[in-house]
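Q: build me a structure from this.
(2 chains)
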Amino acid sequence: MNENVCESLDAFLDSELDATELEVFQEHLAHCTRCPNAVEQQVGMDNALRTYAETILPRHHVPHVTLPEPPRMNFRSYMLTIAEISAVVLIGSAIWFALGRTAAQQKIAQVKAEQVAAPPSKKSTTEVVAPPSPDQKEFVEASAKLDSIRKKRFQLIKKRSEIFENLRSKRITLSQIEQLENSARDPVVALTVVKKLLGLPAESSIEKRIAGEPDREISNGEAHKLFVPLMIQRNRLAQMYDDNDPIVLQLDAELKAMRKELIETVREQGEVRNLKIDDQMIPLIVERNKYAAQFGERHPSVRALDHEIEVMKAELKRQIRENTVAAKNLETLSMKAGKDRFDVKSEARLEIENSIAALKMERSKLEANFGRSHPAVKRIDDEVQARQSQLKRQIQAEAPGKLTAIIKSFKREIVMVKNELAEAESEIERLKDVLLGEAERVRKVRHQEKLRHQD
Amino acid sequence: MDDLFIANQPPIYRFLLRLSGSVETASDLSQETLARGWQKREQLRDSAALRTWLLRIAHNTFCEYARQQKQHGERGWEPLEASTLACREASPGKLSSDQELGEQIWHAMGELPPRQSQVLHLRVVEQLKTHEIADVLGINAQAVRSNLSAARKNMRERLGDSVSKPSNPKAIG
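A: Down below sits the predicted model:
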């Protein structure tokens, strides 16, 4: 038990004991043979260390001195002071009269005689401010120079720390990119993550999907996702065969139906929202009319309801307008599908994808006519597989090039920042030398000044 | 705010002198600490915690500096003797017996393991609380307590005989 209480010594010294523990420890102090000595020693050491540490100051530290305010005088002390001054003046005058004016006059005459007898002196009797000695002047100049250099150096150190921060953040990002480059299995994924890290926009639809960004401005679920590839296929087949080819026509019909469906979906979505507003608005109108019939058109409640209905109507109009714009956008989108608007991939990739689509169409046509086991169908299957692997290679080949380019540009930036840092550091070093030289000069001048004063 | 920063220069300098043992390094790093603090002053939510916050920046600045020195293979700081002499130059005048003892303790603290000496410095000289010390050094409160206890024990063993009578026995902590 006793040993346990002894262990609370540090907590006691740090004032970290609660009331109960403190009471127990104080009681323990009265009986323990070691703890009182330890407390005494520690307190003595702490105080001595603190006293000494307070004298450690930076070389050029200027302490902030706050002058104590003069004591405020109250009326009584003010009157007392006046009385004291008056008393002193009165006593002084009385003594002067008592001694007689003659003594004073004799003294004045003596002084005058001395002044006449003495040769005219260049120095006046009043104190004249001596012009600064060359040493003092040099000292002031050197101090000013020292101050300006010190300020410049301080600014440079600040700049250096900013550059250093910049460099550090760039290095961190670069190491992250390099780590990603080494560890990522799929270069496309690595590129996407890197782009997200650097705040660059995702280019391809694959990147966008990985980055979790929406693919298109208007998204209408699965139907829309199917619509665009189908349109691409249709255009490709139309180029290869003819617009009047039965497959193209079939696709046209499918696309038409799909487009209709999409537009309907958009409208329906809008209508659902409109309906919600309608649901709220109709009871309001009914209520408003009820109030109007009961209290008149000018009643405040009727007016408030009118205002609310107006707001709802405006909202409804806005939604209708929005839906119309969305539907129009969708139509424009479908018209332009397969052209530049969706060329988010490279030309080579698009080419391969289109050829795969064409092959698949051809395959389905052959399969319908001759069956799945026909050698022509199998040949097309092999061809499709080969094209697909080619596509994969193409995608993977594009990613590392971009990644390397990003890393290269980043490394270039880092080299530039490093150079900047080196310049700042060399400037700081140079200034440090100048500063030391100037400080030495100031010290020398100060020393000479001190010697001169001692003389 | 400007005045508050300048008023905190001595504690930062003292702490950096304790960490580095060199007057020049402490002087440079304290300037850098103040500059960094000034740049990041918007991050400080509670102005009452300015000193602790600046001491933490000082500690980080020193760690960064020490790392750089290690990378360049240079010796980071001068021996403690030189620094203490320089300190005395900075504060001329005859040292009282209390100050002599203080100087002796200051020297002895330099021989402690770094973490112990840092904790003891922050507790005794800067009078920080346990959680504040933990904040400054980036360690937990338990580590602060154990280091402080070990440091005190070490110091009592080394200097026990030198401290015969405390100058102010009532003042604790």
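Q: by proximity to chain B, which residue of chain A wins?
A: Of all residues in chain A, A:Tyr52 sits closest to chain B, with a separation of 2.4 Å (CB to the nearest CB). Using the backbone N, CA and C atoms, a C-beta is placed for each residue, glycine as well.
Q: quick check: which element contains that residue?
A: Following DSSP states H and E, the helix or strand that holds A:Tyr52 is helix A:35-54.
Q: and the helices in chain B?
A: Remark: helices assigned in chain B by DSSP state H are B:2-7, B:9-20, B:23-39, B:50-72, B:80-90, B:97-110, B:114-120, B:130-137, B:141-159.
Q: nearest to chain A, of these?
A: Closest approach to chain A among the helices of chain B is made by helix B:97-110 (2.4 Å; CB to the nearest CB).
Q: go through that closest one and flag the buried ones.
A: Of the residues in helix B:97-110, those buried by neighbour count under the rule 16 or more other CB atoms under 10 Å in any protein chain shown are B:Asp98, B:Gln99, B:Leu101, B:Gly102, B:Glu103, B:Gln104, B:Ile105, B:Trp106, B:Ala108, B:Met109.
Q: confidence score at the nearest residue to the fourth one once chain neighbours are set aside?
A: Going back to what we said before, that points to B:Gly102. Once flanking residues are discounted, B:Gly102 sits nearest to A:Tyr52: 2.4 Å by CB to CB, 6 or more residues apart in numbering or on different chains. pLDDT, the model's per-residue confidence, is 84 for A:Tyr52.
Q: now swap in A:His64 and tell me
A: Among the per-residue scores, A:His64 shows a pLDDT of 43.
Q: related to what we said a few turns ago, just give me the neighbour total for the residue of chain A closest to chain B.
A: By other CB atoms under 10 Å in any protein chain shown, the residues close to A:Tyr52 number 23.
Q: one step back: closest one of the buried residues of helix B:97-110 to A:Glu367?
A: The shortest distance between A:Glu367 and any of the buried residues of helix B:97-110, using CB to CB, involves B:Met109 and amounts to 88.6 Å.
Q: doesn't B:Glu64 make contact with B:Leu19?
A: No. Between B:Leu19 and B:Glu64 no contact is recorded; they are 11.8 Å apart, counting by CB atoms under 8 Å.
Q: who has more neighbours out of the two?
A: Residue environment comparison for B:Leu19 versus B:Glu64 gives the larger neighbour count to B:Leu19, 24 against 15, counting by other CB under 10 Å.
Q: who's in contact with that one?
A: Applying CB atoms under 8 Å, 6 or more residues apart in numbering or on different chains to B:Leu19 gives the contacts B:Ala26, B:Ala58, B:His59, B:Phe62, B:Pro114, B:Gln118.
Q: and chain B, is stretch A:436-444 touching that?
A: No. Using CB under 8 Å from any CB of the partner chain as the criterion, no contacts between stretch A:436-444 and chain B are found, and the smallest distance is 9.6 Å.
Q: that stretch: which residues count as buried?
A: By neighbour count on 16+ other CB under 10 Å, the buried set for stretch A:436-444 is A:Glu438, A:Ala439, A:Arg441, A:Val442.
Q: same deal with stretch B:45-62?
A: By neighbour count on 16+ other CB under 10 Å, the buried set for stretch B:45-62 is B:Leu50, B:Arg51, B:Thr52, B:Trp53, B:Leu54, B:Leu55, B:Arg56, B:Ile57, B:Ala58, B:His59, B:Thr61, B:Phe62.
Q: for that stretch, the distance to its chain's centre please.
A: For stretch B:45-62, the distance from its own C-alpha centre to the chain's C-alpha centre is 13 Å (CA atoms, centre = their mean, to the nearest Å).
Q: okay, the residue at minimal distance from the centre of chain B and B:His121: tell me how far apart.
A: Here the mean C-alpha position of chain B is nearest to the C-alpha of B:Phe15 (CA atoms, centre = their mean), at a distance of 2.5 Å. B:Phe15 is 7 Å from B:His121, where distance means CB to CB, to the nearest Å.
Q: what does A:Thr33 give?
A: A:Thr33 sits at a distance of 31 Å from B:His121 (criterion: CB to CB).
Q: these two: who's more crowded?
A: Neighbour tally, A:Thr33 and B:His121, criterion other CB under 10 Å: the higher count belongs to B:His121, 23 against 6.
Q: the more buried one contacts B:Arg18, correct?
A: Yes. At 4.7 Å, B:His121 and B:Arg18 qualify as touching, with contact defined as CB under 8 Å.
Q: what do these two both touch?
A: B:Met109.
Q: near chain B, which residues of chain A show up?
A: A:10, A:12-16, A:38-53, A:55-59, A:61-62, A:64, A:154, A:157-158, A:161-162.
Q: quick one: the residue nearest to the centre of chain B and B:Leu120 touch, right?
A: No. With contact defined as CB under 8 Å, B:Phe15 does not count as touching B:Leu120 (11.8 Å).
Q: with the buried residues of helix B:97-110 in mind, which one is nearest to A:Asn354?
A: Nearest to A:Asn354 out of those is B:Met109 (CB to CB; 78.0 Å).
Q: do you know how far that closest one is from A:Asn4?
A: With distances defined as CB to CB, the gap from B:Met109 to A:Asn4 amounts to 29 Å.
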